[in-house]
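Peer 1: predicted coordinates and the sequence they were generated for:
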Protein chains: 2
Amino acid sequence: MRNTNRQWKLARYPEGLPKPDDWVLEEGPVPEPGPGQMLLAARFLDVAPYMRGRISPAKNYAAGVSPGDLMIGGGVGEVVRSNVDGFAPGDLVVSDFDFGWQDYAVLTPARVRRVDTALAPPECWLDVLGLNGITAYFGLLEAASMRAGDTVVVSAAAGSVGQIVGQLAAIAGGRAVAIASSADKAAACKALGFADAIAYREVADLGAAIAAACPGGVDVYFDNTVGPILDAVLCNLATHARITICGTISLAARFGEPDLGERYWRQVLVARTRIQGFLVLDYKDRYDEARARLAGWVREGRIRQRFDFAEGLERTPEAFIRLLESRNTGKQLVKV
Amino acid sequence: MRNTNRQWKLARYPEGLPKPDDWVLEEGPVPEPGPGQMLLAARFLDVAPYMRGRISPAKNYAAGVSPGDLMIGGGVGEVVRSNVDGFAPGDLVVSDFDFGWQDYAVLTPARVRRVDTALAPPECWLDVLGLNGITAYFGLLEAASMRAGDTVVVSAAAGSVGQIVGQLAAIAGGRAVAIASSADKAAACKALGFADAIAYREVADLGAAIAAACPGGVDVYFDNTVGPILDAVLCNLATHARITICGTISLAARFGEPDLGERYWRQVLVARTRIQGFLVLDYKDRYDEARARLAGWVREGRIRQRFDFAEGLERTPEAFIRLLESRNTGKQLVKV
């Protein structure tokens, strides 16, 4: 056990794509848990695209991190000291947002869930059994009202949410088509059960590739990127298509700048498309329902996961930037 | 009664904004009704923004008019000769799409509805008691799920659908804010019951004007235009805003060309906006429900209408172009 706590604090709001020195690693004493609190040692720390919106002064759905603040983020931690009945040293817990990019966190039981390694390894609790799984579940089955027989296109399909969406689409009786940046990632998607996969950086005409992969048009589009991939899908909509706008990762490098390009409102009207801006937090009251079903599919081996680990707290900003640059395959995490 | 039938036929697909000579007026014999048919003399002919999509080779939700074809369009006609029991000369009927821009039409009872002038004057059957009313009804109450207390912004608010949407929003317990091109039209909207009205060609910053008129943000946006008005609304969304994309009149002059500009997907996500491309034909099974309720409100004087009449069949293309240029106030029709 370390005898200091290292914390990544935001140095400044990044301009464009974040750089490692937009954060600074500060070292301080290991904190003391107060009454009703636990001291947790980081085992896995989360990096995720939503964090880009939290380190910007632009309007967002939740409060952001200000320069000087500890960077937010979920984590799996091991209880080191506990002032809480029922939590003992060695227990593993997960926090969705409140661990922070640091070696040690002090949290109350209300801010964590228990990790049951009999069901799935610790890292899964930051992914399919964490908010990524719940995001995929409600974003696909509720926001996009996916039905059996739908052709479901997923962008950033080799990423954390995308790979779960593809498997859920298959479970729900649909045909999942992955869009990922490279041939390697496309292959990884197919290995997880996508019926087809497009490596968008390797096709000359993404619209034509989508048309070929979706001869009846796109019924459901689960969008993690917006930008050129959304554009290409909007030109290939089936009548009554449904789109979930879950992420805007293509904007990560130019956050807050105008997103210029072609708008496709006429196509949206002609196909009578429904587009839903999606935030998992709106489904908070139903997380247990989603988790129970996801856990069942994990247990049955019907949802598998691929991870991409960075090693060491000191590499956390790097791992985050790697993610924003689409260099990860599978859920990106930091192993501490 | 004329002894010839004049028909406006499409001469060519218009480029950009249609011009009068994109149609040609041909003169021929008055048609003879066959068994089960009626000969109808035009009293009012419809011109409407949806027609722009029908005279383009671009993909649309319904078959288009080809060069050489009679121009489609609804109309109120008077029965001149009838081979149908129950329809006698002098009766008035309305057809939503099948009259055509001509002096005389031959139609079967399945293609028309009776006009009951005890309930409302003939022209209303092409407006609030026709597809415009039904469009406003389902577009606002179903597609946008408008609820009491919502702030409802309407574009092209002095037009046929827009003026009904504003009155329905007030009936449903909302606060309707009109966006119309001129101060005159804005005043016309207020006279019909909109709580506020913005003359967009007369404000320096439409976004700021919307923010001022909607201090809690825009809950519902009923969009007849897309383009810069939609852009300004997308920057002023309340959380869980709902948008009905009902029309794309701002594109009328550049139909089929790329619609370039800023996209606001990040704002759509942050506000968890639901956007619905809307076509009234999808609600065909429920027209009777809508008509019954609309007729009730017309009877009670809770929905009023303003019309803008052009006189004479020969002015039909002109009236249509006038509409596409936003020069009408109220529902544009042609009196024959």
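Peer 2: Looks like it came in fine.
Peer 1: please count neighbours and contacts with C-alpha atoms only from this point.
Peer 2: OK.
Peer 1: what does the stretch 51-200 of chain A have sitting close to chain B?
Peer 2: Within the stretch 51-200 of chain A, the positions lying close to chain B (C-alpha under 8 Å from any C-alpha of the partner chain) are A:59-61.
Peer 1: out of those residues, which are buried?
Peer 2: Among these, none is buried by neighbour count (16 or more other C-alpha atoms under 10 Å in any protein chain shown).
Peer 1: now render those as CSV, adding secondary structure.
Peer 2: Putting those into CSV (DSSP: H, G, I helix; E, B strand; the rest coil) gives the following:
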residue, secondary structure
A:K59, coil
A:N60, coil
A:Y61, coil
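Peer 1: now tabulate those in TSV and tack on distance to B:Y104.
Peer 2: Putting those into TSV (distance: C-alpha to C-alpha, whole Å) gives the following:
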residue	distance to B:Y104
A:K59	58
A:N60	58
A:Y61	58
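Peer 1: need those in TSV (columns: pLDDT and distance to B:D96).
Peer 2: Output for these, formatted as TSV (pLDDT from 0 to 100; distance: C-alpha to C-alpha, whole Å):
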residue	pLDDT	distance to B:D96
A:K59	86	45
A:N60	87	45
A:Y61	88	44
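Peer 1: ok, residues contacting stretch A:132-147?
Peer 2: Residues from elsewhere that reach stretch A:132-147 (C-alpha atoms under 8 Å, 6 or more residues apart in numbering or on different chains): A:126-128, A:160-162, A:164-165, A:168-169, A:172-174, A:220-222, A:242-244, A:246, A:276, A:278-280, A:283, A:287, A:290-291, A:294.
Peer 1: give me the neighbour count for A:A212.
Peer 2: Here the number of neighbours of A:A212 (other C-alpha atoms under 10 Å in any protein chain shown) works out to 11.
Peer 1: in what helix or strand does it lie?
Peer 2: Under the criterion DSSP states H and E, the helix or strand holding A:A212 is helix A:206-213.
Peer 1: residues in contact with A:A213?
Peer 2: Contact analysis of A:A213 by C-alpha under 8 Å, 6+ apart lists A:177, A:196.
Peer 1: mind checking how far it is from A:P122?
Peer 2: Plainly put, A:A213 is 36 Å away from A:P122 if you go by C-alpha to C-alpha, to the nearest Å.
Peer 1: again, but for A:E262
Peer 2: Counting by C-alpha to C-alpha, the gap between A:E262 and A:P122 amounts to 43 Å.
Peer 1: same drill for the two, tell me which one is more crowded.
Peer 2: For A:E262 against A:P122, the residue with the higher neighbour count under other C-alpha under 10 Å is A:P122, and the figures read 22 against 16.
Peer 1: what about the nearest residue to that one once chain neighbours are set aside, how many residues nearby?
Peer 2: Sequence neighbours aside, A:V115 is the residue nearest to A:P122 in space, at 6.4 Å (criterion: C-alpha to C-alpha, 6 or more residues apart in numbering or on different chains). Each residue near A:V115 was counted by other C-alpha under 10 Å, and the total is 23.
Peer 1: these two touch, right, A:V115 and A:L92?
Peer 2: Yes. Counting by C-alpha atoms under 8 Å, a contact exists between A:V115 and A:L92, whose distance comes to 5.4 Å.
Peer 1: any common contacting residues for the two?
Peer 2: Common contacts of A:V115 and A:L92 (C-alpha under 8 Å, 6+ apart): A:P122.
Peer 1: wait, isn't A:L269 in contact with B:T244?
Peer 2: No. Applying C-alpha under 8 Å as the test, A:L269 and B:T244 come out as separate, 9.1 Å apart.
Peer 1: how near is A:E26 to A:W101?
Peer 2: As judged by C-alpha to C-alpha, A:E26 and A:W101 stand 11 Å apart.
Peer 1: what do those two both touch?
Peer 2: A:7-8.
Peer 1: who's more crowded, these two?
Peer 2: The neighbour comparison of A:E26 against A:W101 (other C-alpha under 10 Å) goes to A:W101, with 28 against 13.
Peer 1: in contact with the more buried one, which residues?
Peer 2: A:7-8, A:45, A:70-73, A:313, A:316.
Peer 1: out of those residues, who's the most crowded?
Peer 2: Neighbours here are counted as other C-alpha under 10 Å. On that basis the top member of the contacts of A:W101 is A:L45, with 30 neighbours.
Peer 1: okay, and that one sits in which element?
Peer 2: Taking DSSP H and E as the criterion, the element that holds A:L45 is strand A:38-46.
Peer 1: tell me the buried residues in that strand?
Peer 2: Residues A:38-46 are the ones in strand A:38-46 that count as buried (16+ other C-alpha under 10 Å).
Peer 1: name the nearest residue to the closest residue to chain B within the stretch 1-150 of chain A, ignoring sequence neighbours.
Peer 2: With C-alpha to the nearest C-alpha, the shortest gap between the stretch 1-150 of chain A and chain B falls at A:Y61, namely 5.3 Å. Using C-alpha to C-alpha, 6+ apart and skipping the chain neighbours, the partner closest in space to A:Y61 is B:V270 (5.3 Å).
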